[in-house]
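A.B. asks: missing the sequence, but the structure's below:
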């Protein structure tokens, strides 16, 4: 078994400032911010990703945490037992617990296996593609423990390949590099992913994020129920998430729009593998320009879906992001037939459901359309929510019927 990357206890002690609310940590909050911790020279000398025992200002122990003085999130709670010994067995227990949930949920091994803090492994994302796992270690401790994590993942799941994906903004905020590598085994080529009656193509080495967005699975299924024999427009389509599911459910035609030629090529391969290529079309271009062009061409669809990237990834971008979501709502609504359906999505942490819904409906109203909200969606159950971390509930989808 791989040796543990964790230092042996007793761990060094770090302490909250008197003004910090220790009860929020005891109540389940998983993060400590830099302005809440006493950061003397000894604390700052701790290597990023080191373990420590967190105490309150009265010197009462609270939890075992990992520390990174280079990050705004200076501590992440690893175990609420201050006497816990973190070692390879500790990792195995966490992975077993995460796997048990997914095996209860899904018949096939294609899902989000580890969802960071919500699965007790702070900053760690793992998506499963059969015997291939793609891991994003987005916290300093996880980067330091990446080989041990890979060994635990392989041992518990039986996966033969573990790929470390180092792309993404989160790693930069932790002071980590962007060098991806294969930690166990190896894989070449695309992976077929069965979901909702369709077959998707995942590029786990060169694709966006881990190669697939499993979080929209339930929303794909919900949208596919609407106007099963109708025409579908899938804007910001990536590899055809909504459009291929709709075609598998009986849609007569689907158009996928994205600015990424490689993503659209994967969507086309997925359509071929799903046996729906004769009803599927792609158009490469900037989404707003394509929607404007489609409106000028007089195109109307029974179902329009817009699933853009995060327009509001942080609070500073919130105002501009909400304006963008409103614009999407307005342009997309003009392309929906009377009595048709519009699905608008957001993966922005900073825009909560209320703000996103209000911005989207403003746009729909400006398009001169009246709407009924028929459903509100979120990420699938393989993306569990941490009860004390609003950020883990990032995905929102509102389903509208338009007159």
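C.D. replies: It's in. Since we're looking at a predicted model, the values are computed, not measured. Numbers count the residues shown, from 1 in each chain.
A.B. asks: how about residue 349, secondary structure?
C.D. replies: Secondary structure, DSSP: H, G, I helix; E, B strand; the rest coil: residue 349 is coil.
A.B. asks: could you do residue 75 as well?
C.D. replies: The three-state label given to residue 75 by three-state DSSP is strand.
A.B. asks: so the residue lying closest to it once chain neighbours are set aside, which state does it fall into?
C.D. replies: Excluding the flanking residues, the one nearest residue 75 by Cβ to Cβ, 6 or more residues apart in numbering is residue 32, at 3.7 Å. C-beta here means a position set from N, CA and C on the backbone, and glycine is covered the same way. Following three-state DSSP, the label given to residue 32 is strand.
A.B. asks: distance check, residue 32 against residue 79.
C.D. replies: Applying Cβ to Cβ, to the nearest Å, the value for residue 32 to residue 79 is 14 Å.
A.B. asks: what's the first helix or strand after the one helix or strand residue 199 maps to?
C.D. replies: Per DSSP states H and E, residue 199 falls inside strand 198-202. Per DSSP H and E, the first helix or strand lying C-terminal to strand 198-202 is helix 217-224.
A.B. asks: the very next helix or strand once past that following helix pairs with which strands, parallel or anti?
C.D. replies: Once helix 217-224 ends, the next helix or strand along the chain (criterion: DSSP H and E) is strand 231-235. Here strand 231-235 is paired, per DSSP bridges, with strand 253-258 (parallel), strand 301-306 (parallel).
A.B. asks: ok, which of those comes nearest residue 54?
C.D. replies: strand 301-306 (42.8 Å; Cβ to Cβ).
A.B. asks: which residues are contacting that closest one?
C.D. replies: Around strand 301-306, the neighbours that count as contacts under Cβ atoms under 8 Å, 6 or more residues apart in numbering are 223, 226-227, 230-236, 242-243, 246, 251, 255, 287, 328-329, 332-333, 335-337, 340-345.
A.B. asks: need the buried ones from those selected in PyMOL.
C.D. replies: Command for PyMOL, covering only those of those found buried under the criterion 16 or more other Cβ atoms under 10 Å:
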select buried, resi 223+226+227+230+231+232+233+234+235+236+242+243+246+251+255+287+328+329+332+333+335+336+340+341+342+343+344+345
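A.B. asks: returning to what we had before: neighbours around the residue nearest to residue 75, how many?
C.D. replies: The local packing of residue 32 (other Cβ atoms under 10 Å) involves 24 other residues.
A.B. asks: before we move on, what about the one 5 residues further on?
C.D. replies: Other residues lying near residue 37 total 20 when counted by other Cβ under 10 Å.
A.B. asks: also the one 3 residues further on?
C.D. replies: The tally of other residues near residue 40 (other Cβ under 10 Å) stands at 10.
A.B. asks: what do you get for residue 240?
C.D. replies: Residue 240 has 30 neighbours, counted by other Cβ under 10 Å.
A.B. asks: now it. Nearest residue, chain neighbours left out?
C.D. replies: Nearest non-adjacent residue to residue 240, counting by Cβ to Cβ, 6+ apart: residue 267, 3.4 Å away.
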